[in-house]
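Enquirer: model this:
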Amino acid sequence: MNLPPYSSFPNIADVTISLRQIIPTDIKDIIEISYYDAVQATTAEQAAEMQAKINKDYSDGNSIHWGIVENSTNKIVGTCGYYRGLDSGAGELGCVLLPRYRGQGYMSLAMTLAIEFGISQIGLNRIWAETSQDNRNAIKLLERLNFIKIADLADNHIEYELKQNA
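Expert: Residues are numbered from 1 along each chain as shown. Next comes the predicted model:
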């Protein structure tokens, strides 16, 4: 296992997007998709406070949270990362995209990069995700990425797990 924090924050890129650390100047652009403990930020101050908690979780070795950046514009379009379970060889993969960037393939690319990082760099042997049963787009994304439904959870949520050797 190679758990965070790392000597330098891992940036991952392909031709279309990059995953990089969220910086203070990004906060104003991600207020509407800033969450911590399932609570959504409504102000820049709340989003900054949430990001500080996320950064502390990273420093404590409990998570890694990237901004998803569109390479052609250098604009942040969403966030993704691992948020729980790293110390046990597992990681909950979560993601959120700004509404105006949905349906353009950014999240598929970001999740693919994050999955590869989780397996090859962190050494995860289990990757899972949770979503609402009503979130059809997230379900389609997870299934397209070879996740399978493994559990119905409380509050109308479902758990998916990445199929091994997929």
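
Enquirer: I'd like the next helix or strand past the longest helix along the chain.
Expert: In the chain, taking DSSP state H as the definition, the longest helix is helix 44-59. Remark: after helix 44-59, the chain's next helix or strand is strand 64-70, criterion DSSP states H and E.

Enquirer: now do the longest helix of the chain: which elements does it pack against?
Expert: strand 35-36, strand 64-70 (3 or more C-beta pairs under 8 Å, 6 or more residues apart in numbering; DSSP states H and E). C-beta: built from backbone N, CA, C; applies to glycine.

Enquirer: quick one: strands adjacent to the last one?
Expert: Sheet pairing here is set by DSSP bridges, and for strand 64-70 it gives strand 17-20 (antiparallel), strand 75-82 (antiparallel).

Enquirer: Ile64 is nearest to which of these?
Expert: The closest of the strands paired with strand 64-70 to Ile64 is strand 75-82. By C-beta to C-beta, the value is 5.1 Å.

Enquirer: avg pLDDT for the longest helix of the chain?
Expert: Across helix 44-59, pLDDT averages out at 96.

Enquirer: give me the contact list for it.
Expert: Helix 44-59 has contacts (C-beta atoms under 8 Å, 6 or more residues apart in numbering) with 4-5, 22, 24, 27-28, 30-31, 34-36, 39, 41, 63-65, 83.

Enquirer: about what we covered before: most tightly packed of the helices and strands packed on helix 44-59?
Expert: Ranked by mean neighbour count, these are led by strand 64-70 with a mean of 23 (mean count of other C-beta atoms under 10 Å).
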